[in-house]
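>>> Sequence and computational prediction follow.
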Amino acid sequence: MKRRTLVTALLPALSAGCLSSLPSATGPRGPPEEPTTGPGEGPEYDPLSVETFDFEGTEEDELRAFGTVNNRTPEERTGTVSVRVTVDGEETVETTEVTVPGDSTAEFETVVPVSFEAFERNGQLQVTVEAAGSG
């Protein structure tokens, strides 16, 4: 009988200790931060992009880079295509201007004054375009 009384007395005390620390809210402590762009605005992107490019050697053993630039806006855009060539740790950059009609592509071509043979052995090529008035 004493055992039943002891268990009956301990049960509420033990369960009260368990229930006294109910889980609390875990969300953020403040309101959400404002977006960096206004409502309905997306992040800025470069309207021109290099769609394709390739290279070949010229008769004078120089590197010729060529390809297409894509304009993702309805307006005509002008940009500068940069062809960056590294051969044996030495960097050479040639640029050419390209005008691309809206929602269209345009071709570019430039000759870089590096030995095509040396480029084939140990060269790297990077082609980028930057729209006029950006960056």
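Ah, there it is. Residues are numbered from 1 along each chain as shown.

>>> Every contact and neighbour count from this point should use C-alpha atoms.
Fine.

>>> Which stretches in this structure count as helices?
Secondary structure of the chain (DSSP state H): helices located at 2-19, 116-122.

>>> Could you list every helix and strand in contact with the shortest one?
What it means is helix 116-122. Secondary-structure packing of helix 116-122 (3 or more C-alpha pairs under 8 Å, 6 or more residues apart in numbering; DSSP states H and E): strand 48-57, strand 62-71, strand 77-87.

>>> Tabulate those in JSON lines, adding columns for mean neighbour count.
JSON lines is the format used below for those (neighbours: other C-alpha atoms under 10 Å):
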{"stretch": "strand 48-57", "mean neighbour count": "16"}
{"stretch": "strand 62-71", "mean neighbour count": "20"}
{"stretch": "strand 77-87", "mean neighbour count": "19"}
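
>>> To residue 104, which of these lies closest?
Ranking the helices and strands packed on helix 116-122 by proximity to residue 104 (C-alpha to C-alpha) places strand 62-71 first, at 5.5 Å.

>>> what's that closest one packed up against?
Applying 3+ C-alpha pairs under 8 Å, 6+ apart, one finds that strand 62-71 makes contact with strand 48-57, strand 90-100, strand 105-115, helix 116-122.

>>> now the ones you listed in TSV, with distance to residue 130 and mean pLDDT?
Below are the helices and strands packed on strand 62-71 laid out as TSV (distance: least, C-alpha to C-alpha, whole Å; pLDDT from 0 to 100):
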stretch	distance to residue 130	mean pLDDT
strand 48-57	7	97
strand 90-100	10	98
strand 105-115	13	98
helix 116-122	25	96
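
>>> mind putting the ones you listed in JSON lines, distance to residue 132 included?
Output for these, formatted as JSON lines (distance: least, C-alpha to C-alpha, whole Å):
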{"stretch": "strand 48-57", "distance to residue 132": "10"}
{"stretch": "strand 90-100", "distance to residue 132": "9"}
{"stretch": "strand 105-115", "distance to residue 132": "15"}
{"stretch": "helix 116-122", "distance to residue 132": "30"}
